[in-house]
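[1] next input, structure requested:
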Amino acid sequence: MSEDNIKPVVWVGDARKLVQSFPQEVRQDIGAALFDVQKGTKPPHAKPFKGVASGVLEIVTRFETNTYRTVYAVQIGKRVYVLHAFQKKAPKGRKTSKLDVEMIVRRYKDAVDIEKEKQS
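    Below is the predicted model:
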């Protein structure tokens with residue numbers, strides 16, 4: 001595969017810093033999954049993130065007794081926008097916290113604005 005076919009990653013807000021704070025095994029898993037996304041394939045443990053927009057997905061990584069989420073958008077231009085990353089703290093089966101959802105919605109809008117600026 002040539003580099004021309006690999007989509008660049010744009011980290012929105014502090015998403016990169018958050019991922020870097022995760023355990024090494026989690027970072028490696030997220031990195032491999034994002035590379036799949038850059039190549040145009042869906043990682044096996046990615047799923048749609050509901051309630052924001054079409055093309056917003058989340059990578060779910062389980063490590064030891066914790067669950068980590070990395071939310072990204074693929075249908076904004078020709079880039080992969082990583083919107084947010086967090087450790088899910090709620091008990092199994094609980095919804096993503098309202099604050100995290102609001103952050104993702106806000107950063108999705110920021111990503112759309114960033115893409116418009118890059119096209120100008």
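[2] tell me where the protein has strands.
    Along the chain, counting by DSSP state E, strands occupy 9-11, 46-48, 56-63, 66-73, 80-88.
[3] format the ones you listed as a markdown table; extra columns: distance to residue 113 and mean neighbour count.
    (Each C-beta comes from the backbone N, C-alpha and C, glycine too.) Below are the strands of the chain laid out as a markdown table (distance: least, Cβ to Cβ, whole Å; neighbours: other Cβ atoms under 10 Å):
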| stretch | distance to residue 113 | mean neighbour count |
| --- | --- | --- |
| strand 9-11 | 12 | 18 |
| strand 46-48 | 23 | 14 |
| strand 56-63 | 16 | 20 |
| strand 66-73 | 13 | 22 |
| strand 80-88 | 11 | 23 |
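[4] closest to residue 39 out of the ones you listed?
    Ranking those by proximity to residue 39 (Cβ to Cβ) places strand 80-88 first, at 10.2 Å.
[5] list the residues that contact residue 36.
    By Cβ atoms under 8 Å, 6 or more residues apart in numbering, the residues touching residue 36 are 42-43.
[6] ok, it to residue 112 distance?
    From residue 36 over to residue 112 the distance is 23 Å, taken as Cβ to Cβ, to the nearest Å.
[7] please apply the same query to residue 17.
    Distance from residue 17 to residue 112, by Cβ to Cβ: 22 Å.
[8] same list, the strands of the chain, but as TSV with distance to residue 107 please.
    Output for these, formatted as TSV (distance: least, Cβ to Cβ, whole Å):
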stretch	distance to residue 107
strand 9-11	10
strand 46-48	17
strand 56-63	10
strand 66-73	8
strand 80-88	4
